[in-house]
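# Fold the following for me, if possible:
(one chain, ligands or ions: 1)
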Amino acid sequence: MAISRLLLHFILLLLLRAFALLPTQAAARSGHNPSGTDDGNHGSFSRNLLEDKPRITEEMVHGYMSNSELEIAVHTFGSRCPNISRIYSSKFVYWRTVLLFLQWVIEISDKPGKKEAEPAFKFIGNVHGDEPVGREILMHLANWLCDNYLKDPLATLIVENMHLHILPTMNPDGFALRWRGNANNVDLNRDFPDQFFSVNNDINYRQPETRAIMNWVKQEHFTASASLHGGALVANYPWDGTRDKRYPIYGGMQDWNYIHGGCFELTLEISDTKWPKAAELPVIWEHNRMSMLKIVASLIKSGIHGRIFAANTGRPIPGSVMIKGIDSKVRASNTYGDYHRMLAPGEKYEAVVASMEGFRPKATHIVLEQEAVSLDFILDPDGADGQMELLRNDCGCRCDNELFHVLEAHLWLYLLVMFVLLTFYLLFKRRTASRLLTYRHSPRRPIAV
Ligand SMILES: [Zn+2]
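Here you go, the predicted structure:
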């Protein structure tokens with residue numbers, strides 16, 4: 001009796017644990033917050049903006065592309081430069097905003113859409129709905145590269161040696177509504193998981209626009225990026241969020257990129273007013289053209305670039321590279337094991353360390369002149385674990401949190417079923433045993449012959 005009561009308690013505990021996992025996942029998927037209040041937000045932890053809607057007159061909007069005009073401009077570009085570009089977005093998985101606008105990306109490369117052992121850079125415009133200069137300037141940039149490929153050395157260098165991804169507008173809803181946040185009035189540059197306030201790091205609680213960027217960064221292996229803003233002339237790089245900074249930004253896209261995507265992101269404020277007159281756009285483009293091209297080209301022309309291989313198989317592995325004294329590592333790609341580390345030129349770096357779980361790390365020192373340095377690593381497997389790691393990466397598994405949640409829920413369910421079956425088995429066994437016992441104790445029946 002005591003055993004079956006103990007089993008019953010255990011099953012109840014398991015049931016409680018299994019159900020405790022469900023509500024958060026269900027709430028996240030339905031888009032309602034668990035507190036029960038439905039304010040139209042996609043998560044209860046979203047950081048709302050406190051500021052009022054700024055006044056943007058129709059006169060100010062005149063000359064700027066509307067969202068549908070921008071969509072046409074993107075596709076016109078795609079058909080004008082099909083050999084060196086690809087236009088992408090996804091109707092089903094992500095890239096849809098709250099108001100169901102599609103966010104279109106232009107990829108520029110001599111092999112668009114193909115994986116190569118080359119660095120990738122992304123430009124993101126219009127993060128804040130009321131800062132529309134970026135979306136216009138980025139279309140200028142794409143068109144300039146298309147017109148000058150094989151004519152201008154900088155354009156040719158960029159097209160042939162890297163993959164440039166351009167998202168002209170991250171926040172078309174905010175642009176249409178003429179305000180900073182998205183349609184839920186959430187500042188997208190405060191919606192990313194934060195290094196200091198890790199209260200809510202679940203991707204499902206983010207705004208759809210933020211989710212799109214997070215999935216994109218996981219998928220594309222970017223080396224560096226820049227997001228375009230307006231309202232000041234500033235270039236900012238990690239960290240935005242610090243414990244002692246005067247104007248810190250928490251939940252910003254820049255720091256999230258650096259920590260979780262190994263992607264060095266710049267925040268560029270490119271116009272001194274948030275919404276200048278459209279007539280000023282060509283001048284702003286001219287002022288920013290060379291710096292934008294040079295930022296992108298610096299990815300190819302400086303830093304350390306190379307690939308990481310496994311010594312036993314000779315195959316590329318997605319290890320990581322760390323520089324002693326710099327608290328961040330870059331990951332090599334899954335396909336080619338290539339890594340690209342931006343570093344200040346004219347410096348001596350004592351230890352460049354390549355590592356991967358299951359392999360013995362290797363370190364070397366370099367002197368970085370003005371030009372980029374090429375540096376490959378061949379790592380020896382660390383016993384049997386090395387083989388395991390290789391196999392795991394061959395199946396292309398992604399061990400992110402979502403998958404762990406699903407696996408955990410399945411594991412509990414599996415254990416529950418196993419214990420129910422075990423209980424039945426024990427009960428059945430006890431019954432059979434007692435029957436056998438009664439049979440043995442009964443007087444022997446006469447055997448017929
Ligand atoms: Zn901004």
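
# how much space between residue 338 and residue 367?
According to CB to CB, to the nearest Å, residue 338 stands 22 Å off from residue 367. From N, CA and C alone the C-beta is placed, and that goes for glycine too.

# Compare those two and say which one has the larger neighbour count.
The neighbour comparison of residue 338 against residue 367 (other CB atoms under 10 Å) goes to residue 338, with 21 against 9.

# Next, the contact list for the closest residue to that one other than its chain neighbours, please.
In space, and not counting its chain neighbours, residue 338 is closest to residue 117: 3.7 Å by CB to CB, 6 or more residues apart in numbering. Applying CB atoms under 8 Å, 6 or more residues apart in numbering, we find residue 117 in contact with 307, 333, 336, 338.

# same question, residue 131
Here residue 131 is in contact with 180, 228-231, 274-275 (CB under 8 Å, 6+ apart).

# Count the residues that sit near the nearest residue to residue 62 once chain neighbours are set aside.
By the measure of CB to CB, 6+ apart, the closest residue to residue 62 outside its immediate chain neighbours is residue 278, 6.3 Å from it. Neighbour count for residue 278, taken as other CB under 10 Å: 17.

# quick one: residue 278 and residue 116, what's the gap?
Residue 278 is 37 Å from residue 116, by CB to CB.

# Kindly report the same for residue 215.
Here the criterion is CB to CB. By it, residue 215 lies 21 Å from residue 116.

# Also residue 274?
Counting by CB to CB - residue 274 and residue 116 are separated by 37 Å.

# which one of those two has more residues nearby?
Neighbour totals were compared for residue 274 and residue 116, and residue 274 leads with 19 against 16 (other CB under 10 Å).

# quick one: contacts for the more buried one?
By CB under 8 Å, 6+ apart, the residues touching residue 274 are 54, 128, 130-131, 230-231.

# any idea which of these is the one closest to the ion?
Among the contacts of residue 274, residue 128 lies closest to the ion (CB to the ion), at 3.7 Å.

# for that closest one, helix, strand, or coil?
For residue 128, the assignment made with DSSP: H, G, I helix; E, B strand; the rest coil gives coil.

# Might one say that it is in contact with residue 174?
Yes. Counting by CB atoms under 8 Å, residue 128 does reach residue 174; the two are 6.5 Å apart.

# More neighbours: which of those two?
Neighbour totals were compared for residue 128 and residue 174, and residue 174 leads with 30 against 25 (other CB under 10 Å).

# The residue nearest to the more buried one when sequence neighbours are not counted: neighbour count?
Nearest-residue entry for residue 174: residue 129, 1.9 Å, with adjacent residues in sequence omitted and distances by CB to CB, 6+ apart. Neighbours of residue 129 under the rule other CB under 10 Å: 27.

# got it, and residue 76?
Neighbour number of residue 76 under other CB under 10 Å is 12.

# Make sure it is indeed in a helix.
Yes. Counting by three-state DSSP, residue 76 is part of a helix.

# joint contacts of residue 128 and residue 174?
Shared contacts of residue 128 and residue 174, counting by CB under 8 Å, 6+ apart, come down to 180-181, 188.

# By pLDDT, give me the weakest of those residues.
Ranked by pLDDT, these bottom out at residue 188 (91).

# Can you give me the pLDDT of the nearest residue to residue 301 once chain neighbours are set aside?
Nearest-residue entry for residue 301: residue 372, 5.8 Å, with adjacent residues in sequence omitted and distances by CB to CB, 6+ apart. On pLDDT, residue 372 comes in at 93.

# Also residue 202?
On pLDDT, residue 202 comes in at 74.

# do the same with residue 439
48.

# which strand in the chain runs the most residues?
strand 347-355 (DSSP state E).

# For that one, what does the pLDDT average out to?
93.

# which strands and helices sit next to that strand?
With contacts defined as 3 or more CB pairs under 8 Å, 6 or more residues apart in numbering; DSSP states H and E, strand 347-355 has these neighbours: strand 320-323, strand 362-368, strand 377-379.

# The last one - contacts with which helices or strands?
Taking 3+ CB pairs under 8 Å, 6+ apart as contact, the helices and strands that strand 377-379 lies on are strand 304-310, strand 347-355, strand 362-368.

# So which bits of it are buried?
377, 379 (16 or more other CB atoms under 10 Å).

# and the stretch 51-200 of the chain, which of its residues are near the ion?
128, 131 (CB under 5 Å from the ion).

# Which strand or helix spans residue 144?
helix 133-148 (DSSP states H and E).

# What would whatever helix or strand comes next after that helix look like as PDB? C-alpha coordinates only.
Using DSSP H and E, the next helix or strand after helix 133-148 towards the C-terminus is helix 153-161. Extracted in PDB, the C-alpha atoms of helix 153-161 (Å, rounded to 0.1, in the frame of the first residue of the first chain):
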ATOM      1  CA  PRO A 153      36.800  49.600 -57.200                       C
ATOM      2  CA  LEU A 154      35.000  50.000 -53.800                       C
ATOM      3  CA  ALA A 155      31.700  48.800 -55.200                       C
ATOM      4  CA  THR A 156      33.400  45.800 -56.900                       C
ATOM      5  CA  LEU A 157      35.300  45.000 -53.700                       C
ATOM      6  CA  ILE A 158      32.100  44.900 -51.700                       C
ATOM      7  CA  VAL A 159      30.100  42.900 -54.200                       C
ATOM      8  CA  GLU A 160      32.800  40.300 -54.800                       C
ATOM      9  CA  ASN A 161      34.100  39.800 -51.300                       C
END
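
# just the angle between helix 153-161 and helix 133-148, please?
Helix 153-161 and helix 133-148 are oriented at 90 degrees to each other (axes from the mean of the first three to the mean of the last three CA atoms, to 10 degrees).

# Quick check: buried residues in helix 153-161?
Within helix 153-161, the residues scored as buried using 16+ other CB under 10 Å are 154-155, 158-159, 161.

# Which elements pack onto that helix?
Going by 3+ CB pairs under 8 Å, 6+ apart, helix 153-161 lies up against helix 133-148, helix 281-301.

# just to revisit the earlier point, for the residue nearest to residue 301, give its distance to residue 287.
27 Å.

# higher neighbour count, the two?
Neighbours per residue (other CB under 10 Å) separate residue 372 from residue 287, with residue 372 holding more: 21 against 14.

# Quick check, the more buried one in contact with residue 302.
Yes. The criterion here is CB under 8 Å, and residue 372 meets it with residue 302 at 5.4 Å.

# Which stretches in the chain count as helices?
Remark: helices assigned in the chain by DSSP state H are 2-30, 58-61, 67-80, 133-148, 153-161, 172-177, 208-220, 253-260, 281-301, 384-394, 401-441.

# Walk me through the regions of the stretch 201-350 of the chain where pLDDT falls short of the threshold, as ranges.
201, 232-250 (pLDDT under 70).
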